[in-house]
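*Asks:* Below: sequence and its predicted model.
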Amino acid sequence: MSATPVKSLLNETTTVVLTPGYEGANIGTIIGFKHVNYLVEKAVIEHFRHCGLPVGRLYEENGLGFDVVEIDSRLQTALVVDDEASIEVTPVTKDGAAELSFKVLITVERDGAPKKAVTSKVKVVLRHDENDVRMLRRLPLAEGLEQFVTARIGGAEPGAAVPATGTALISGGCTDSDPVLDQLLAGENAYGWKFRIPYPYVHFFDRLQMSGYLRLMEEAKHRFVDARGISIRTLLDEKNHIPAVTASKVTMLDEALLEEDLYVVYTVDDVFKNLLYTSRLDYYVVRDGRLVKTATGTITHAYGVVENGSSGRLVTFDERVLRAFNNEVGQ
C-alpha cells in the first residue's frame, strides 16, 4: 500500500529543479537574497504538491492557508539568473510538533560540478480561514494533518504602552517621523519607519506573508544606509561596492493585517573584522495602545565588487562605512 499524503509529507525527501526569477537579478546577473528565499519557499510548495497535498487545493477544499512562519537561510555561493537550481527538501518535523519543519539544500553547477549554494531551515503552518462567507464548504482533512492547523499564527503578548500615533497614512504610505518610532528608537543604534500595509504584501485576503517581510528586510537595509549617508547608489557610484547578504532569518510571532500600520526597526548588532555586519529587524503593530511584535529577524551583510555580471569578491569596510554603522556620522 502506498503511503498516505501526510506520511509522504513527513517522511519523503523530494528534489525539484527551479530557475530564479529574473526580477531578482538586481546585482548584475546575481540573484538577491529575497529571491533566493522565494526559491526555498517554492521548493517546499512543490514538496506539498509531490506528496499529494497541493497548497491551492488545501485552501480551496479545506480553508487552510499555507504559511511559511520561519525561514533561516545561509548563502554560500551566489545564484545567477541562468542557474537551473536543484533543490532538495527534507522533512525534519519532530513528533508532536505543531509546525511542519524542513531542511532545504540548493545546489548549482559550477565548473562542471555540483556546488552547494544555499542551506535553509523552514517552518510551515496551515492557517484555518474561519470566514464562512468566503468558505462555503469544507471537506474533511487528510488524516494526520490536523496537528499542523492553527486558528492564528503566533499569538504574541502585548508589550509596552505607546503614545498616540502621528501622521495618518494611506495604503502603502510611510513616514520616519512618529511618536511610536521615537519610543522604539530611543537610545538604539537603529533606523525605523512606519508603513501602512498595502494589498500587494498580503495573501489569503488580509495578512502579511513571509515574502512581504523579506521585501521589507531588503528595504530596511537600503533606508538605513541612505539615512547614514552611504546609500547604495552612493557607494556604487564612488567605489562600485554593492551589499551582499550571507545569511537571513525571519520568524513570525503574530499576524500583521492589511491596512495596519507596521513599525519596522533595523538595529545594528555587531560588526565582524571590518568584513561582515549583522542587523536585527523587528516588526510591530499597535493594538489597544500597546506594541505587538509581529515578526523578528536577522540579516548579515558584506560589501562586494561584481565584475562581468557575476564574478564577485568581498571588500573590507572603510572608515566612512564603519562610522556610519556605529552611528558616528558627523561626529
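*Replies:* Good, I have the coordinates. Numbering: from 1, shown residues only.
*Asks:* how far away is the spatially most central residue of the chain from Ala227?
*Replies:* Nearest to the mean C-alpha position of the chain, counting by CA atoms, centre = their mean, stands Leu214 at 3.2 Å. Using CB to CB, to the nearest Å, Leu214 is found at 21 Å from Ala227. Every residue, glycine included, has its C-beta placed from N, CA and C.
*Asks:* now swap in Ala161 and tell me
*Replies:* According to CB to CB, Ala161 and Ala227 sit 27 Å apart.
*Asks:* quick one: which of those two has more around it?
*Replies:* Ranked by neighbour count (other CB atoms under 10 Å), Ala161 and Ala227 place Ala227 first, with 16 against 11.
*Asks:* what are the bridge partners for the nearest residue to the more buried one once chain neighbours are set aside, then?
*Replies:* Among residues not flanking Ala227 along the chain, Tyr191 sits closest, at 5.2 Å (CB to CB, 6 or more residues apart in numbering). Legend: beta-bridge partners of Tyr191 under DSSP bridges are Tyr266.
*Asks:* Would you agree Tyr191 is in contact with His222?
*Replies:* No. With contact defined as CB atoms under 8 Å, Tyr191 does not count as touching His222 (10.4 Å).
*Asks:* Quick check: Leu208 touching Tyr201?
*Replies:* Yes. Counting by CB under 8 Å, Tyr201 is a contact partner of Leu208 at 5.6 Å.
*Asks:* So between those two, which is more surrounded?
*Replies:* Legend: neighbour count by other CB under 10 Å for Leu208 and Tyr201, higher for Leu208 (25 against 20).
*Asks:* contacting residues for Asn189?
*Replies:* 267-268, 326-327 (CB atoms under 8 Å, 6 or more residues apart in numbering).
*Asks:* and with 10 Å instead?
*Replies:* 266-269, 279, 325-328 (CB atoms under 10 Å, 6 or more residues apart in numbering).
*Asks:* Mind putting those into CSV with distance to Met135?
*Replies:* As requested, the contacts of Asn189 are exported to CSV (distance: CB to CB, whole Å):
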residue, distance to Met135
Tyr266, 38
Thr267, 40
Val268, 44
Asp269, 42
Ser279, 40
Phe325, 48
Asn326, 52
Asn327, 49
Glu328, 55
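*Asks:* Where does confidence bottom out across the residues you listed?
*Replies:* Ranked by pLDDT, those bottom out at Glu328 (81).
*Asks:* tally of neighbours for that residue?
*Replies:* When neighbours are counted by other CB under 10 Å, Glu328 registers 13.
*Asks:* where does it fall, helix, sheet strand or coil?
*Replies:* coil (DSSP: H, G, I helix; E, B strand; the rest coil).
*Asks:* tell me the secondary structure for Asn274?
*Replies:* Assigned with three-state DSSP, Asn274 falls in the coil class.
*Asks:* Hmm, it is touching Asp318, no?
*Replies:* Yes. Under the criterion of CB atoms under 10 Å, Asn274 makes contact with Asp318 at 8.4 Å.
*Asks:* List the buried residues for whichever strand in the chain runs longest?
*Replies:* When the chain is parsed with DSSP state E, its longest strand is strand 290-307. Across strand 290-307, burial judged by 16 or more other CB atoms under 10 Å covers 291-304, 306.
*Asks:* can you pull out the helices in the chain?
*Replies:* Taking DSSP state H as the test, the helices found in the chain are 5-11, 33-50, 55-62, 179-185, 210-227, 232-239, 319-325.
*Asks:* What is the neighbour count of Ala142?
*Replies:* Using other CB under 10 Å, Ala142 is surrounded by 18 other residues.
*Asks:* who's in contact with it?
*Replies:* Going by CB under 10 Å, 6+ apart, Ala142 touches 4-7, 9, 51-53, 58, 61-62.
*Asks:* Ala164 versus that one, what's the distance?
*Replies:* Distance from Ala142 to Ala164, by CB to CB: 48 Å.
*Asks:* returning to what we had before: quickly list what's touching both of Leu208 and Tyr201.
*Replies:* 216, 256, 258, 262.
*Asks:* Same list (those residues) but as JSON lines, adding pLDDT, distance to Gly154 and neighbour count.
*Replies:* Formatted as JSON lines, those follow (pLDDT from 0 to 100; distance: CB to CB, whole Å; neighbours: other CB atoms under 10 Å):
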{"residue": "Leu216", "pLDDT": "97", "distance to Gly154": "17", "neighbour count": "24"}
{"residue": "Ala256", "pLDDT": "98", "distance to Gly154": "10", "neighbour count": "27"}
{"residue": "Leu258", "pLDDT": "97", "distance to Gly154": "17", "neighbour count": "15"}
{"residue": "Leu262", "pLDDT": "97", "distance to Gly154": "15", "neighbour count": "23"}
